[in-house]
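K.L.:
fold the following.
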Amino acid sequence: MTIHPEIGKLLATLPPFDHSVRPDPAGKRAGDLQFVAPLEDRLPLHAVEDSVAVTAAGEVPVRIYTPAEADSYGLLVYFHGGAFFSGSLETHDHVARALAKESGYKVISVGFQLAPEAPFPTSLQECYAVVRWAAEQGESLAWDGNRLALAGDSSGANFVAAVTATAHDDGFDRITHQVLYYPSVDLDFDEDRYASLRENATGYGLETPALKPWNSFYIESGADPADPLVSPIKREDLSGLPKALVITAEYDPLRDEGELYGQRLKDAGVDTTVSRYAGANHGFVQNFFWIPEFYRAFQETAEFLNKG
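P.N.:
Numbering: from 1, shown residues only. This is a model prediction of the structure:
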């Protein structure tokens with residue numbers, strides 16, 4: 001299948017990328033906010049509340065999405081993408097709303113600090129600490145005490161993989177599900193490592209030559225690509241991790257590393273589903289959720305989270 005025509009229309013409007021210039025973090029963050037929908041146009045839910053999680057890693061902003069009135073909920077802790085240096089509670093608000101609506105889970109979106117201002121492993125520690133906080137605050141969050149899921153897109157999925165590994169090593173066994181949307185799980189960007197880095201190198205939004213400069217803020221802050229907490233695919237033993245749903249995009253340079261990570265989870269005995277979306281590019285869950293074929297990712301997530 002070729003790239004979806006609606007994605008193709010947008011890609012045709014983009015100027016050529018100059019990969020010799022690193023993005024400006026402040027400029028990128030400000031530019032992203034221009035695409036945030038006004039509050040009155042967002043998907044309505046029973047309640048959306050901004051709060052602060054007081055955690056072992058400090059105070060972390062969170063946004064809590066309650067889909068409907070109920071006695072108890074599964075909890076889903078969500079980590080947004082943005083190459084570790086951009087993205088926010090606002091830019092991914094619509095993703096969290098859709099996750100809450102479709103799954104019926106109470107969603108906790110994490111406003112972790114960003115590179116380069118926050119050196120590694122600050123953001124990762126904050127994400128893990130919010131997961132622990134959510135479990136500790138189960139009564140006030142009306143948690144059902146059973147279902148505790150993590151989800152993230154791109155670099156946020158990197159955090160999902162790293163947090164589930166950290167939790168396993170710490171003996172924290174409350175996480176029941178992990179959802180990784182087009183995950184960035186290998187920050188060694190040697191183009192010979194994965195065919196998709198060459199096949200989808202340019203012309204589909206995220207481009208292979210951009211991976212190093214866009215992730216450089218995180219790496220230069222102290223994140224070592226050889227560290228399994230930075231490149232989760234490098235973890236030798238993936239056994240014992242929570243059941244997983246890995247969603248990839250056909251026209252994504254990161255497609256093959258995500259699918260290989262899913263296969264490695266399967267090989268380690270983890271109940272894992274790998275689902276490739278035809279005609280999609282990197283970022284489709286955030287950028288093209290309004291296309292029915294791609295909104296399906298939220299429904300597939302809900303089915304995964306709620307099946308027996």
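
K.L.:
quick one, what contacts Ser154?
P.N.:
Gly81, Gly82, Ala83, Tyr181, Tyr182, Pro183, Ser184, Leu254, His282, Gly283 (Cβ atoms under 8 Å, 6 or more residues apart in numbering). Placement of C-beta: from N, CA and C, glycine included.

K.L.:
then Thr208?
P.N.:
Phe189, Glu191, Leu197, Arg198, Asn200, Ala201, Thr202, Pro253.

K.L.:
farthest-separated two in the residues you listed?
P.N.:
Within those, Phe189 and Thr202 form the most distant pair, 14.3 Å apart (Cβ to Cβ).

K.L.:
comparing these two, which residue is more hemmed in?
P.N.:
Legend: neighbour count by other Cβ atoms under 10 Å for Phe189 and Thr202, higher for Phe189 (20 against 14).

K.L.:
check what pLDDT the more buried one gets.
P.N.:
In this model, Phe189 is scored at 88, pLDDT.

K.L.:
before we move on, what about Pro16?
P.N.:
The model's pLDDT for Pro16 equals 88.

K.L.:
so where is the chain shaky, pLDDT-wise?
P.N.:
308 (pLDDT under 70).

K.L.:
now the strands for it?
P.N.:
Remark: strands assigned in the chain by DSSP state E are 47-55, 58-66, 73-79, 106-110, 143-153, 177-181, 243-251, 272-281.

K.L.:
for these, give me TSV that also has distance to Phe288 and mean neighbour count.
P.N.:
Below are these laid out as TSV (distance: least, Cβ to Cβ, whole Å; neighbours: other Cβ atoms under 10 Å):
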stretch	distance to Phe288	mean neighbour count
strand 47-55	23	15
strand 58-66	21	18
strand 73-79	18	26
strand 106-110	20	27
strand 143-153	12	22
strand 177-181	12	27
strand 243-251	10	24
strand 272-281	7	20
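
K.L.:
out of the ones you listed, flag the one nearest Glu126.
P.N.:
Nearest of the strands of the chain (Cβ to Cβ): strand 58-66, 4.8 Å.

K.L.:
now Ala149, nearest residue through space, not along the chain?
P.N.:
Sequence neighbours aside, His177 is the residue nearest to Ala149 in space, at 3.9 Å (criterion: Cβ to Cβ, 6 or more residues apart in numbering).

K.L.:
that neighbour contacts Val246, correct?
P.N.:
No. The criterion here is Cβ atoms under 8 Å, and His177 misses it with Val246 at 11.9 Å.

K.L.:
contact partners for the closest residue to Thr208 other than its chain neighbours?
P.N.:
Leaving aside its sequence neighbours, Thr208 sits nearest to Ala201 (Cβ to Cβ, 6+ apart; 4.1 Å). The neighbourhood of Ala201, defined by Cβ under 8 Å, 6+ apart, consists of Glu191, Glu207, Thr208, Pro209, Pro253.

K.L.:
let's go with 7 Å and repeat that
P.N.:
Ala201 sits next to Glu207, Thr208, Pro253 when contact means Cβ atoms under 7 Å, 6 or more residues apart in numbering.

K.L.:
and the second one, how far is that from Ser155?
P.N.:
To Ser155, Thr208 is 16 Å away according to Cβ to Cβ, to the nearest Å.

K.L.:
try the first one
P.N.:
Glu207 sits 16 Å away from Ser155, taking Cβ to Cβ as the criterion.

K.L.:
what about the two, which has more around it?
P.N.:
For Glu207 versus Ser155, the count of surrounding residues by other Cβ under 10 Å is larger for Ser155: 27 against 18.

K.L.:
wait, the more buried one touches Phe84, no?
P.N.:
Yes. Look at Ser155 against Phe84 with Cβ atoms under 7 Å: they come within range, at 4.9 Å.

K.L.:
tell me, how many residues neighbour Asn2?
P.N.:
Rather than Asn, residue 2 is Thr. Neighbours of Thr2 under the rule other Cβ under 10 Å: 10.

K.L.:
which one is it nearest to, not counting chain neighbours?
P.N.:
Closest residue in space to Thr2, ignoring its immediate chain neighbours: Gly279 at 6.8 Å, by Cβ to Cβ, 6+ apart.

K.L.:
isn't the one you found right up against Phe288?
P.N.:
No. Counting by Cβ under 7 Å, Gly279 stays clear of Phe288, with 9.8 Å between them.

K.L.:
contacts only, for the residue lying closest to Arg198 once chain neighbours are set aside.
P.N.:
Distances taken as Cβ to Cβ, 6+ apart place Glu191 nearest to Arg198, at 5.7 Å, with adjacent residues excluded. Residues in contact with Glu191, defined by Cβ under 7 Å, 6+ apart, are Leu197, Arg198, Thr208.

K.L.:
run the last query once more with 8 Å
P.N.:
Listed by Cβ under 8 Å, 6+ apart, the contact partners of Glu191 are Leu197, Arg198, Ala201, Thr208.
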